[in-house]
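Chemist: Sequence first, predicted coordinates after that:
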Amino acid sequence: MGSSTIKAYISLYMRALIVHPKDKTTDFLKTIYAPIQDKTVITGGVTKSELRKLIENHDRVIMLGHGTPIGLLSVGQFPDAGSYVIDYSYTDLLSSKKGNIFIWCYADQFVKRNGLNGFFSGMFISEFGESFNLGYYVADRNLIKESNECFASIVSQNIHQPLVVMFENVLQEYRILGKTNPIAQFNLERLFLSERKRNSVKSFFSF
């Protein structure tokens, strides 16, 4: 195996911590981390101090579920977390990791506010109620299901790629569905990549 190959697939050798609070409405996101072999999946039941140790002992952190600009919601699964299992108190740890993923509604505001880096989403429609509240009167709920499953599948297929490659591939492939699915198009325009080395944020509109 040449050095270029090692660089291209370095994330294969990274220990990944998955923080995905148990919630049936976000089960479709499990597909994203299914291919990762060296991973620890946390769905609840740990304290904030235990979670800090887990973050310290892993190379990258993948955070998925429902959230707000303040952080990733705990949905009652973590004993002392309050409303948020991931919030500003983990900034010091997350800023030292590479290859992080933040997928929840308004994660972009959380990432930017705390000076973090990675692949992340803005407002992301994954449920009928979210589309309705945003004025997307979707008659066919299968459009949301199709968007959810397609997004998770594409990210999963690229989970071992460097983030910039994964980001470009997700945009390219998810854009195909966006031509016929308005939910996918909405979400597509709210996917972002922030790279520390460039000190900048790239968005869908950069490509």
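Modeler: That came through, no problem. Residues are numbered from 1 along each chain as shown.

Chemist: quick one, what contacts the residue nearest the centre of the chain?
Modeler: Centroid-nearest residue in the chain, with Cα atoms, centre = their mean: I103, separated by 2.7 Å. Going by Cβ atoms under 8 Å, 6 or more residues apart in numbering, I103 touches L29, I32, M63, L64, G65, F120, S121, F124. C-betas here are computed from N, CA, C, even on glycine.

Chemist: Quickly find the element holding F167.
Modeler: Counting by DSSP states H and E, the element that carries F167 is helix 163-178.

Chemist: So for that helix, what gets flagged as buried?
Modeler: Using 16 or more other Cβ atoms under 10 Å as the burial criterion, the residues of helix 163-178 that qualify are L163, M166, F167, E168, V170, L171, E173, Y174, L177, G178.

Chemist: got a list of what the first one touches?
Modeler: What that stands for is L163. Counting by Cβ under 8 Å, 6+ apart, L163 has contacts G99, G118, F119, L193, E195.

Chemist: Roughly how far does it sit from S126?
Modeler: For L163, the distance to S126 equals 21 Å [Cβ to Cβ, to the nearest Å].

Chemist: mind listing what Y88 touches?
Modeler: Contacts for Y88 (Cβ under 8 Å, 6+ apart) come out as I70, G71, R113, N114.

Chemist: can you do 10 Å?
Modeler: By Cβ atoms under 10 Å, 6 or more residues apart in numbering, Y88 lies in contact with I70, G71, L94, F110, R113, N114.
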